[in-house]
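Asks: Task: produce atomic coordinates for the following.
(one chain, ligands or ions: 2)
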Amino acid sequence: MSTETATLATTKRKPTGRAGIVDGKLYLSQGIVRNLAPAHGNGGEFDSIPVIDLSAMISPNPDPIALEKLVAEIKDACMRVGFFVIKNHGIDWSIVEETFAALEEFFGLPMETKMLYHQSKSPSFMGYEEPYYTNVDRLKKGDLKESMTTAYDPWTDELGIGDEVPKLMIRENLWPNPKDAPKFRPAIEGYRAACLSLMRKLIKILALAMGEKETYFDKKITYPIAGIRALYYPPQTASPDEETGLGAHTDVQMMTMIAQNPYNAQSLQVLNAKGEWISPQLEPETFVVNLGDMVARLTNDTFVSTVHRVCNSGDNATGRYSIPFFFGLSNDELVSTLPQFITEEAPLNENYKDAVTGYEHYNKRMRIAHHDHPTADGKTSAALPYGMTKIDGVLVPGI
Ligand SMILES: O=C(O)CCC(=O)C(=O)O
Ligand SMILES: [Fe+2]
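Replies: Numbering: from 1, shown residues only. Ligands and ions are numbered 1, 2, ... in the order given. Okay, the predicted model is just below:
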């Protein structure tokens, strides 16, 4: 990087003074301002992350009473926390272990090999990102993590519609050369298939929790968003006030599920309404599940998309791998708020007036988070005032 570019990058990353928690409001650098406690409901009222046993969901002959109890537990977790840990989920853990081995293989490659698959070469934001490439929280130094992101592939989805998926809706992947990382693609594809199958069941429970029929989403997930971001966080020595592994954000799709290694790293932190960061306590062979913005939009913020971050710090911190799987409706499925969630006590959130697709929402957020990307808003709007960005043509604080 030339000195000129380095200076420019540092200048762009200067804090706006607007990120962080001020007077009970949370300013996120993506131009998002949120109240710590939502306008209605009990979102953010938690001191720990609930652990939910999915046995009733995966049973071939579900007991109706156990299933009803599960729906109630999921509904409570979705309203209050937006996060839960799942156990007895039915995923063969050897699939997850193979995926962690593949991550170790890929992230262990020399930097120049990994850079061959750099995300800036992909118009759909897939591929490799080196440490500090993103800076989700602009008050901090940058995100101390490496990642390799791949998208849904209709031809490996046995329950999908294969060739019938509209070509425009398919994101091209940048797979590493099998000579460099032979385990990577097969492991990620195996992990994606396992997560997809679980999420196609869990979304039925979510539909019931929303007061819909369990089949409500079936036709909306024939070519779902099913991205996987393989992540490696080196141990960080700086305090969370200066640096994070991944800055504070919300996820953009319906639900995310995350496996992490070591399972008890406690680096993932979830923000409650008191402004405290709470880490899920994981047992071996469990996943964290969290809701994304699309569920908040569908339910008018009755189910919450909760702010979280990663700080891989602490005396015993070691390198941490995690594998979030981001699950959303089919790319061109329009999402608008369900009528049962719009009431006198809970009027429609202004931001949800227009229906949006998961694809648009993702691209918009990615263009803001990846300010160095060739398609980023910053590239085409050099005249924007410092500290401001554009969302849907409207100037908002954030870079
Ligand atoms: O690494 C983790 O545990 C969480 C990652 C995350 O929040 C994300 O990629 O959106
Ligand atoms: Fe996230």
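Asks: residue contacts, the residue nearest in space to the middle of the chain?
Replies: In the chain, the residue lying closest to the centroid (CA atoms, centre = their mean) is Asp251, at 3.7 Å. By CB atoms under 8 Å, 6 or more residues apart in numbering, the residues touching Asp251 are 290-293, 305, 324, 326. C-beta: built from backbone N, CA, C; applies to glycine.
Asks: and whichever residue of the chain sits closest to ligand 1, what does it touch?
Replies: Nearest residue of the chain to ligand 1: Ser322, at 3.5 Å (CB to the nearest ligand atom). If you count contacts by CB under 8 Å, 6+ apart, Ser322 has them with 231, 233, 258-261, 268, 310.
Asks: repeat that for 7 Å
Replies: 231, 258-260 (CB atoms under 7 Å, 6 or more residues apart in numbering).
Asks: I'd like the residues you listed laid out as CSV, including secondary structure, neighbour count and distance to ligand 1.
Replies: As requested, the contacts of Ser322 are exported to CSV (DSSP: H, G, I helix; E, B strand; the rest coil; neighbours: other CB atoms under 10 Å; distance: CB to the nearest ligand atom, whole Å):
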residue, secondary structure, neighbour count, distance to ligand 1
Leu231, strand, 24, 5
Ile258, strand, 23, 5
Ala259, strand, 24, 9
Gln260, strand, 25, 6
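Asks: Out of those residues, which is nearest to Ala39?
Replies: Within those, the smallest distance to Ala39 is 28.1 Å, found for Ile258 (CB to CB).
Asks: Would you check that Ile52 makes contact with Phe83?
Replies: No: with contacts counted by CB atoms under 7 Å, Ile52 stays clear of Phe83, the gap being 10.6 Å.
Asks: which residues of the stretch 1-150 of the chain fall in strands?
Replies: Here the stretch 1-150 of the chain has its strands, by DSSP state E, counting those that start in this stretch, at 20-22, 25-28, 32-35, 51-53, 83-87, 127-129, 146-150.
Asks: on that earlier part again, a markdown table please, covering the contacts of Ser322 and showing pLDDT.
Replies: A markdown table is the format used below for the contacts of Ser322 (pLDDT from 0 to 100):
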| residue | pLDDT |
| --- | --- |
| Leu231 | 98 |
| Ile258 | 98 |
| Ala259 | 98 |
| Gln260 | 97 |
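Asks: quick one: which two of the residues you listed are the most distant?
Replies: Greatest spatial distance in these: Leu231 and Ala259, 10.7 Å, computed using CB to CB.
Asks: Pull the contacting residues for the residue nearest to Phe303 when sequence neighbours are not counted.
Replies: Leaving out its chain neighbours, the residue that sits closest to Phe303 by CB to CB, 6 or more residues apart in numbering is Cys78, at 4.0 Å. Taking CB under 7 Å, 6+ apart, we find Cys78 in contact with 209, 291, 303.
Asks: Which ones among the contacts of Asp251 map onto helices?
Replies: Asp293 (DSSP state H).
Asks: Of the contacts of Asp251, which ones also sit close to ligand 1?
Replies: On the criterion CB under 6 Å from any ligand atom, Pro324 are the entries of the contacts of Asp251 that sit beside ligand 1.
Asks: Extract the CA atoms of stretch 73-89 and return them as PDB.
Replies: In PDB, the C-alpha atoms belonging to stretch 73-89 read as follows (Å, rounded to 0.1, in the frame of the first residue of the first chain):
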ATOM      1  CA  GLU A  73     -39.400 -21.200  24.600                       C
ATOM      2  CA  ILE A  74     -38.300 -20.000  21.200                       C
ATOM      3  CA  LYS A  75     -40.900 -17.200  21.200                       C
ATOM      4  CA  ASP A  76     -39.600 -15.900  24.600                       C
ATOM      5  CA  ALA A  77     -36.000 -16.100  23.400                       C
ATOM      6  CA  CYS A  78     -36.800 -14.200  20.200                       C
ATOM      7  CA  MET A  79     -38.700 -11.500  22.000                       C
ATOM      8  CA  ARG A  80     -36.400 -10.900  24.900                       C
ATOM      9  CA  VAL A  81     -33.000 -11.800  23.700                       C
ATOM     10  CA  GLY A  82     -32.700 -12.400  19.900                       C
ATOM     11  CA  PHE A  83     -30.100 -15.000  20.800                       C
ATOM     12  CA  PHE A  84     -30.200 -18.600  22.100                       C
ATOM     13  CA  VAL A  85     -27.900 -21.600  22.300                       C
ATOM     14  CA  ILE A  86     -29.200 -24.900  20.700                       C
ATOM     15  CA  LYS A  87     -28.500 -28.400  21.900                       C
ATOM     16  CA  ASN A  88     -29.700 -31.800  20.700                       C
ATOM     17  CA  HIS A  89     -30.000 -30.200  17.200                       C
END
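Asks: and it, which residues are buried?
Replies: Using 16 or more other CB atoms under 10 Å as the test for burial, stretch 73-89 gives 73-86, 89.
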